[in-house]
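>>> fold the following for me, if possible:
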Amino acid sequence: MTNLSHPAPRFSMADAEKLGEQLFNVTGTAAPLDGERDRNYRLQTGTGAGWILKVVNSTEPRVESEFQAAILSHLASYSPELTVPSLKKSLTGDFLASVVAPSGETHAVRMVSWLHGTPLAEVPRTFELMRSLGQSFGDIDRALQGFIHPGAVRDLDWDLRHAARSRSRLHFIKDPARRAILERFIDRFEHSVQPRLARLRTQVIHNDGNDWNILVDPRNPQKVSGIIDFGDAVHTILIAEVAITCAYSILDMEDPVGAAAALTAGFHEKYPLQPQELDVLFNLIAMRLVTSVTLSALRCGQTEDNPYLAISEAPAWRLLERMDRMNPRLATAILRKACGFDAIEGAGAVRRWMGENSKSFADIVHPSAATMNKAIAPFADASHVMTIASAEQRPAEAARWWNEFSAGHKVPLGIGPWGEARTIYTDTAFESRFIEGQRRIIHVGVDLLMPAGTPLYTPVAGVVRSVEVEGDPLGYGGLIMLEHSPEACPPFLTLWGHMAHEALARLKPGDRLEAGALVGYMGTDAENGGWIPHVHFQMSTDTGLQASEFIGVGERAYLEVWADVFPDPSALAGIPPETYSQDGRSKAEIVAKRKELLLPNLSISYSDPIKFVRGDGVWLIDNFGRAYLDCFNNVCHLGHSHPDVVQALSQQAARLNTNTRYLHDNIVEYAERLTATLPTGLAVASFGCSGSEANSLMLRMARNHTGRNDAIVLDWAYHGTTQELIDLSPYKYKRKAGKGRAEHVFEAVVPDAYRAAADWPFEELGKRFAESVADQIEIMRKQGRAPAFFLAESIPSVAGQLFFPENYLKEVYAMVRAEGGLCLADEV
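Numbers count the residues shown, from 1 in each chain. Predicted coordinates:
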């Protein structure tokens, strides 16, 4: 390697012009160019062509000069389209020539084409330009994949694998605060990065993508036109190329990590990176800067004045100071997401697990958050009295408004949504550490507003990671963190902020809490950071975070990243998605349209009608996300939206929808499967499209078989919408606007065991209720009539979801059959 204390070759502009003509047959006017170790000149010819003449430092081994020439030769043969200089052969036909200086030292000399463009250091930088830069280096490194040369294997301080050598140069940094910054980066490198290096891909890379070696197209300032100076090329870890280029390109940018993410994404488009490479990228960017400033400090007293050596030192220090304030785990998440990976490994799996298992979670509050009437707290409204009072640390005033609203609207639960933009966070603590001049305003947890002292329970089993108190104004106050490791799900964390301090004495790290166990209580404003009583409930897929590293609000620009790192925990808290947004018409609009467009006999339940938008198992969810236990809305024995039923329906609808007059396998296969479940004697099936259709067909069959018309039904029964079924439904004919019981209908008492006579023995309830049917048969007999059938729902629904007493149907069926009637079961 070159001796950095050895001065650059002493050749004048006139010398350069002579060398160009004598060695390469190029006549031109020389102009000096900056260089760290070598002497560089631009030769401008009379034809307009431009060349760079490089006189190499005499201490550079010949093999390294040959290596650099071999790289350019290889790239030219791989693709002439690559934005790199092309070599010019000397008069001897070689890419390298030699010259002896007056001092007697021999120097290698080479000539490459001049690339037109403006140095990146002199142009405004945008994310689009950063992506183009990443693409350019991705193209180059993909072309260098598999290339090797003896000169590539060399020991360079600029090789990021050796970045820890910077520790030996720390004593040259006079400022203790700055030295401490470098020590933190070096410590992290040695602890978290060095052990991983052996598992990363290696190859030859450019290794010096500083902003003076990158040229931008002046006609298209969003596109890189050239990459120059392969003097530091080396065989090392591939990801170092991205790290080095980022380190120089993002200097003094408002959003340096965002710029690095754009550059990395561009590289990834051309030469896909691996997740384990991205996991060390942020720290490698920092270590390139650490290497730069420590080498600059070292050389300060070892070389003559050379501004090139310290050209990026001040911006490098500014960036190092900013990066020192950033959380490297969150920065890494940004870089991973930019390349299409989960921001945190397994984040997608955690979200999928939540969606698939939401029905199994224990309630976080009692009663369940899903079943409570809810309203969105007004934190998103900057002008709202509650928001202003909260921001100005007047929690009692904020609580007074909320309590009045809650009582007046019968809303026991307030919700602060995930992803909500809030202007309430005005303290300097909420200034972004990633984007200069911006605040973190996007809420990345869920707030539940209830009175202080409300108990909170863990929805899934977990282990206590920490219990602490954050004392800053508008901070978390009482703070509890749990770690959860459900089966078939990557582990994740939950954070419970603004809690009562009693947990400090009750919980300790390592305690296991089963699902549904008490976590703690909502704190008062004296212990929750000065807020209206509520819990800030947040989760993280990054189990490496400490409680103090959770950000409760994040930058809008990185919302997709925060969705991976801090997913919306609403499902975990039992809050339906309808809580946050209402689609379609209002209830009043629907009522008005029903009156205009629908028959008036289609009644609406409740004085304040409910708009249901979704069914889920035994629950119906209204348009405000409140869940109602469905004990009325038809009988769904598999639950609403059963996935197997939905899948079967959608698959068949997508393939064929016709009727029974054509042949198809499904109709006989379904009939076989259905009749196999029935008692002996029930072996023939017919299919209809509705319950009313099925029941009407059943009546026709019964009347045809018996030759009779008279029916026995149960009080409060409901069997369908056709006129003949309404005639058999006391629920319809006995109510307002009903026409009363028809002459052929005989009505027995509904066997409601809960309302049985107090003196009836429990074991005789079935027989006692059956006597009502016997009474109706006796009435028929006296009139010279006999039942065609007895019709009953197997579980009377409208009558109250009743289960018949034991032996009731056995007794009734025997009576009816003894009279020659049929027994019909309405099980629709």
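>>> burial measure for residue 48, as a count.
6 (other C-beta atoms under 10 Å). Glycine gets a C-beta too; all of them are placed from N, C-alpha and C.
>>> measure it to residue 29 for me?
12 Å (C-beta to C-beta, to the nearest Å).
>>> and residue 493, backbone torsions?
Per-residue torsions, residue 493: phi -110, psi 150 (degrees, to the nearest 10).
>>> could you list the low-pLDDT ranges of this protein?
1-5, 301-312, 634-636 (pLDDT under 70).
>>> break it down into its domains, please.
13-114, 119-338, 358-575, 582-597+615-657, 691-826 (automatic domain parsing).
>>> redo these as CSV? Include distance to residue 347.
Shown next, in CSV, are the domains of the chain (distance: least, C-beta to C-beta, whole Å):
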stretch, distance to residue 347
domain 13-114, 36
domain 119-338, 9
domain 358-575, 4
domain 582-597+615-657, 24
domain 691-826, 43
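>>> quick check: which of the ones you listed is nearest to residue 672?
domain 582-597+615-657 (16.3 Å; C-beta to C-beta).
>>> start to end distance for the closest one?
End-to-end span of domain 582-597+615-657 (C-alpha to C-alpha, to the nearest Å): 33 Å.
>>> for stretch 599-611, same thing?
19 Å.
>>> now stretch 700-714
Where stretch 700-714 begins and where it ends lie 19 Å apart, using C-alpha to C-alpha.
>>> and it, how far out from the chain middle?
61 Å (C-alpha atoms, centre = their mean, to the nearest Å).
>>> residue 503 and residue 491: what is the separation?
Computed as C-beta to C-beta, the residue 503 to residue 491 distance reads 22 Å.
>>> between those two, which is the more surrounded one?
Shown here are residue 503 and residue 491; by other C-beta under 10 Å, residue 503 has more neighbours (22 against 14).
>>> if I look at that one, how far off is residue 566?
22 Å.
>>> where do the helices sit along the stretch 251-400 of the chain?
With DSSP state H, counting those that start in this stretch as the criterion, the stretch 251-400 of the chain has helices at 256-270, 275-278, 281-299, 313-325, 328-338, 347-357, 385-391, 395-408.
>>> what does the stretch 451-600 of the chain give?
Ranges of helices in the stretch 451-600 of the chain, per DSSP H, counting those that start in this stretch, are 503-506, 559-565, 570-573, 587-597.
>>> tell me which of those is the most buried.
Neighbour counts (mean count of other C-beta atoms under 10 Å) averaged over each of those peak at helix 570-573, with a mean of 22.
>>> what helices and strands are in contact with that helix?
The contact analysis (3 or more C-beta pairs under 8 Å, 6 or more residues apart in numbering; DSSP states H and E) places helix 570-573 against helix 347-357, strand 446-449, strand 535-540.
>>> among those, which comes closest to residue 483?
strand 535-540 (9.9 Å).
>>> and the closest one, what does it pack onto?
Counting by 3+ C-beta pairs under 8 Å, 6+ apart, strand 535-540 packs on strand 446-449, strand 492-499, helix 570-573.
>>> contact partners of the first one?
Applying C-beta atoms under 8 Å, 6 or more residues apart in numbering, the set of residues contacting strand 446-449 from outside is 364-365, 369, 377, 379, 402, 413-418, 456, 532-538, 568-570, 573, 575.
>>> swap in 7 Å and give it another go.
365, 369, 377, 402, 413-418, 532, 534-537, 569-570, 573, 575 (C-beta atoms under 7 Å, 6 or more residues apart in numbering).
>>> output that strand as CSV, restricted to C-alpha atoms.
Output in CSV follows, covering the C-alpha atoms of strand 446-449 (Å, rounded to 0.1, in the frame of the first residue of the first chain):
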residue,chain,number,x,y,z
VAL,A,446,-53.4,3.2,20.4
ASP,A,447,-54.7,5.2,23.3
LEU,A,448,-57.6,3.9,25.5
LEU,A,449,-59.2,6.7,27.6
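>>> for that strand, which strands pair with it and how are they oriented?
Strand pairing for strand 446-449, using DSSP bridges, gives strand 413-416 (antiparallel), strand 535-540 (antiparallel).
>>> hey, which of the ones you listed is tucked in deepest?
Mean neighbour counts for the strands paired with strand 446-449 (mean count of other C-beta under 10 Å) peak at strand 535-540, with a mean of 26.
>>> and the angle from that one to strand 492-499?
160 degrees (axes from the mean of the first three to the mean of the last three C-alpha atoms, to 10 degrees).
>>> how far off centre is strand 535-540?
That offset, for strand 535-540, works out to 15 Å (C-alpha atoms, centre = their mean).
>>> return the residues in contact with the residue lying closest to residue 707 once chain neighbours are set aside.
Distances taken as C-beta to C-beta, 6 or more residues apart in numbering place residue 788 nearest to residue 707, at 8.0 Å, with adjacent residues excluded. Residue 788 sits next to 702-703, 706, 708-711, 821 when contact means C-beta under 7 Å, 6+ apart.
>>> using TSV, lay out those together with distance to residue 150 and secondary structure.
Output for those, formatted as TSV (distance: C-beta to C-beta, whole Å; DSSP: H, G, I helix; E, B strand; the rest coil):
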residue	distance to residue 150	secondary structure
702	98	helix
703	101	helix
706	104	helix
708	106	coil
709	106	coil
710	107	coil
711	101	strand
821	103	coil
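>>> which one of the residues you listed is nearest residue 101?
Closest to residue 101, out of all of these and judged by C-beta to C-beta, is residue 702, at 117.3 Å.
>>> any idea how far the closest one is from residue 825?
12 Å.
>>> who's more crowded, those two?
For residue 702 versus residue 825, the count of surrounding residues by other C-beta under 10 Å is larger for residue 702: 21 against 14.
>>> now do the same contact list for that one.
Counted by C-beta under 7 Å, 6+ apart, residue 702 has contacts 788-789, 822, 824.
>>> ok, now residue 696?
Contacts of residue 696 (C-beta under 7 Å, 6+ apart): 722, 724-725.
>>> ok, residue 744 next?
Contacts of residue 744 (C-beta under 7 Å, 6+ apart): 709-711.
>>> do that again at 8 Å, thanks
709-711, 727.
>>> how about residue 803?
753, 795.
>>> kindly recompute the last result at 10 Å.
751-753, 794-796 (C-beta atoms under 10 Å, 6 or more residues apart in numbering).
>>> for residue 752, see how far away it is.
10 Å.
>>> and what of residue 219?
88 Å.
>>> circling back: between the helices of the stretch 451-600 of the chain, which one is nearest to residue 467?
Going by C-beta to C-beta, the one of those nearest residue 467 is helix 503-506, 5.4 Å.
>>> for the closest one, packing partners?
strand 462-470, strand 477-484, strand 518-521 (3 or more C-beta pairs under 10 Å, 6 or more residues apart in numbering; DSSP states H and E).
>>> so what's the residue count around residue 14?
9.
>>> tell me the one of the contacts of residue 788 nearest residue 737?
Using C-beta to C-beta, the contacts of residue 788 come closest to residue 737 at residue 711, 21.8 Å.
>>> how about the strands of the stretch 151-300 of the chain, start to end?
Secondary structure of the stretch 151-300 of the chain, counting by DSSP state E, counting those that start in this stretch: strands at 202-205, 214-216, 224-227, 234-237.
>>> possible to save those as TSV with mean neighbour count?
Compiled in TSV, those are given as follows (neighbours: other C-beta atoms under 10 Å):
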stretch	mean neighbour count
strand 202-205	22
strand 214-216	25
strand 224-227	22
strand 234-237	23
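>>> list the contacts of the nearest residue to residue 245 once chain neighbours are set aside.
Closest residue to residue 245 apart from its sequence neighbours, by C-beta to C-beta, 6+ apart: residue 209 at 3.2 Å. Taking C-beta under 10 Å, 6+ apart, we find residue 209 in contact with 120, 133-134, 136-137, 140, 227, 229, 232, 240-249, 263, 288.
>>> against residue 70, how distant is residue 209?
Counting by C-beta to C-beta - residue 209 and residue 70 are separated by 20 Å.
>>> same check, this time on residue 294
31 Å.
>>> kindly report the same for residue 517.
67 Å.
>>> these two: which has the busier surroundings?
Remark: of residue 517 and residue 70, residue 70 carries more neighbours, 23 against 14, as counted by other C-beta under 10 Å.
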